[in-house]
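Q: Prediction below, plus the sequence it came from.
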Amino acid sequence: MSVKTYIGRFLVWRSKHLSDRYFIIILSALIGFLAGMAAYLLKSAVFYIEELLTAEFRLQTQNYWYVLYPALGIFLTIILIRFIIRDKDIHGIPRILYVISRLDGKMKFRRVFSSLFGSSLTAGFGGSIGLESPIISSGASLGSGIAQGLRLNYRYTTLLIGCGAAGAIASIFTTPIAAVIFSLEVLMLDLTTASIIPLLMASVTGAITTKLLLAEKMLVHFKVTQEFAISDIPFFIVLGVMAGLLSLYFNRMHYAVVNLAAKVKHTWVKAAVCGLALGLLIFIFPTLYGEGYDSIKLIVSGRSAELLNNSFFYSFRDHAWVFILLVVGMMLLKVIATTLTTEGGGIGGIFAPSAVTGGFMGFAFARLVIDMKIVAPLHEGNFTLVGMAGVLGGVLHAPLTAIFLIAEM
């Protein structure tokens, strides 16, 4: 008998013995588990590729391989997507919204693999992107594929797409509550009990799966031991205004680089130009390599001087004002590095870059106030994380997602 025959018999049995409500809950847990496995494979691949390429680099010296690695990663990604997987559609959250609104929630199942493998090559070789958008695309494709295979209607299909997205983002961050809020706030799913329970089931299952499988050093966690001080509130207000302005800069600079890159029509020439330009930026500031969460971990753990490792600015790590200017440079160049990566042909999103940009801003602001000695020292870790939430919420226009995501981290 064919697969379709088995599915048909299963659906007949299911309609007799299992209500729609419980069936969707079971499917949401399954999707959460699969999304967790996908996140595990993605994070592991990126981690081991990066380790393989950079393990022998010295901390005190520049490494010229930084100039070539990103271009090589972009070329490999283009070859994989175009000639092996043959996926020509755009990747990311806008595509998911388009599928939900215009295509009845029907996504191509191969998107699971193109997003996973493409982003692992892009990020592993230094592409300055976030892994959240690719893993969300993979999770949404899983949900859509299962819904199509089981012949579910539009309502349940969109719900399972949301479960896939929630399971994916919970898996990559181990933040189940933020994942649910993301599906409700960004994907605009209905806020009903019928939606909340499957989303929670997928999120928790995905988070537990990656928590069990991934090593602690691969997880995106920040341990802040500094207490919140009421006296810092005026400075947080100023930081919020700065986050809004930086979000505006992030969006406008992104589109400026997109328009500039669009003038190069030939695919391989564009990949080479963007890849080498990205490599030059990473050579100057190695913190732009990959997602950038390692830099935030250094700041929060009180090891901010290590931000200049592998850079020819290494000798300036103890010069207070120069160090602040260098961090500001990292902050302003992160969006350029990200856009060069995606416009060159790499696969990734702006989730992590916007958060890391905000983290640099919060840290630079706190360090500036400390060095000016106007008031009692601010807590750099707290300002770093608040800056992350501010810029992430401003860029994505999703403040609740940003707040809960950073809080759960």
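A: Received the coordinates, thanks. None of the values given here were measured: they were computed from a predicted structure.
Q: Could you give the separation of stretch 267-275 from the chain centroid?
A: Put simply, stretch 267-275 sits 23 Å off its chain's centre (CA atoms, centre = their mean, to the nearest Å).
Q: For Leu191, give me the pLDDT.
A: Per-residue pLDDT puts Leu191 at 63.
Q: oh, I was asking about Lys43
A: Value listed for Lys43 in the pLDDT field: 90.
Q: For the helix or strand harbouring it, which helices and strands make contact with it?
A: Assigned by DSSP states H and E, Lys43 belongs to helix 20-54. In this structure, helix 20-54 makes packing contacts with helix 65-79, helix 111-124, helix 132-149, helix 154-173, helix 193-213, judged by 3 or more CB pairs under 8 Å, 6 or more residues apart in numbering; DSSP states H and E. Glycine gets a C-beta too; all of them are placed from N, C-alpha and C.
Q: check contacts around Phe235.
A: Phe365, Ala366, Val369, Leu378, Phe383 (CB atoms under 8 Å, 6 or more residues apart in numbering).
Q: mind running it again at 7 Å?
A: Val369, Leu378 (CB atoms under 7 Å, 6 or more residues apart in numbering).
Q: Check the offset of the helix or strand hosting it from the chain's centre.
A: Using DSSP H and E, Phe235 maps to helix 233-261. How far helix 233-261 lies from its chain's middle: 18 Å, per CA atoms, centre = their mean.
Q: Show me what counts as buried in it.
A: 235-236, 239, 242-243, 246-247, 250-251, 253-254, 257, 261 (16 or more other CB atoms under 10 Å).
Q: which of those residues sit farthest apart?
A: The span of those, defined through CB to CB, is set by Phe235 and Ala261 at 37.5 Å.
Q: Any regions of the stretch 1-150 of the chain where pLDDT drops low?
A: Residue ranges of the stretch 1-150 of the chain with pLDDT under 70: 1-4, 6, 10-11, 14, 57-62, 87-94, 97, 99, 104-105, 109-111.
Q: try it again with 80
A: Across the stretch 1-150 of the chain, residues meeting the criterion (pLDDT under 80) sit at 1-20, 55-64, 85-115.
Q: from the helices and strands packed on helix 20-54, which stretch is densest packed?
A: helix 154-173 (a mean of 30; mean count of other CB atoms under 10 Å).
Q: Determine the set of other helices and strands touching that one.
A: helix 20-54, helix 93-102, helix 132-149, helix 176-185, helix 193-213 (3 or more CB pairs under 7 Å, 6 or more residues apart in numbering; DSSP states H and E).
Q: Can you say which of those helices is nearest to Gly345?
A: Closest approach to Gly345 among these is made by helix 132-149 (13.9 Å; CB to CB).
Q: For that closest one, C-alpha coordinates in CSV please.
A: This file holds the C-alpha atoms of helix 132-149, laid out as CSV (Å, rounded to 0.1, in the frame of the first residue of the first chain):
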residue,chain,number,x,y,z
GLU,A,132,16.8,32.6,14.7
SER,A,133,15.3,33.5,11.3
PRO,A,134,16.5,30.3,9.6
ILE,A,135,15.5,28.0,12.4
ILE,A,136,12.1,29.7,12.5
SER,A,137,11.7,29.1,8.8
SER,A,138,12.6,25.5,9.4
GLY,A,139,10.2,25.1,12.3
ALA,A,140,7.4,26.8,10.3
SER,A,141,8.1,24.5,7.3
LEU,A,142,7.9,21.5,9.6
GLY,A,143,4.5,22.6,10.9
SER,A,144,3.2,23.4,7.4
GLY,A,145,4.5,20.1,6.0
ILE,A,146,2.9,18.0,8.7
ALA,A,147,-0.4,19.9,8.4
GLN,A,148,-0.5,19.4,4.6
GLY,A,149,0.4,15.7,5.0
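Q: between it and helix 193-213, what angle do the directions make?
A: 120 degrees (axes from the mean of the first three to the mean of the last three CA atoms, to 10 degrees).
Q: could you give the angle of helix 132-149 to helix 154-173?
A: Using the same axes, to 10 degrees: helix 132-149 against helix 154-173 is 150 degrees.
Q: any idea how far helix 132-149 is from the chain center?
A: The answer for helix 132-149 is 16 Å, by CA atoms, centre = their mean.
Q: All further residue positions should be reported with the first residue as 811.
A: With the count now opening at 811, the last piece we talked about shows up as helix 942-959.
Q: Packing partners of that helix?
A: Using 3+ CB pairs under 7 Å, 6+ apart as the contact test, the elements touching helix 942-959 are helix 830-864, helix 903-912, helix 921-934, helix 964-983, helix 1161-1182.
Q: Quick one: the ones you listed as JSON lines, columns for distance to His1076 too.
A: Shown next, in JSON lines, are these (distance: least, CB to CB, whole Å):
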{"stretch": "helix 830-864", "distance to His1076": "27"}
{"stretch": "helix 903-912", "distance to His1076": "24"}
{"stretch": "helix 921-934", "distance to His1076": "20"}
{"stretch": "helix 964-983", "distance to His1076": "34"}
{"stretch": "helix 1161-1182", "distance to His1076": "26"}
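Q: For stretch 1138-1152, give me every contacting residue.
A: 880, 932, 937-939, 1060, 1063-1064, 1067-1068, 1084, 1087-1088, 1091, 1095, 1097-1098, 1102, 1158, 1160, 1163, 1166-1167, 1170-1171, 1174.
Q: Buried residues, it. List them.
A: For stretch 1138-1152, the buried set under the neighbour-count rule, 16+ other CB under 10 Å, comprises 1139-1152.
Q: Return the subset of the residues you listed lying in helices.
A: In this view, these that belong to helices under DSSP state H are 1139-1152.
Q: From those residues, pick the one nearest Ser838.
A: Thr1152 (30.6 Å).
Q: now that closest one: how far from Phe1122?
A: Distance, Thr1152 to Phe1122, by CB to CB, to the nearest Å: 27 Å.
Q: cool, His1189 as well?
A: 31 Å.
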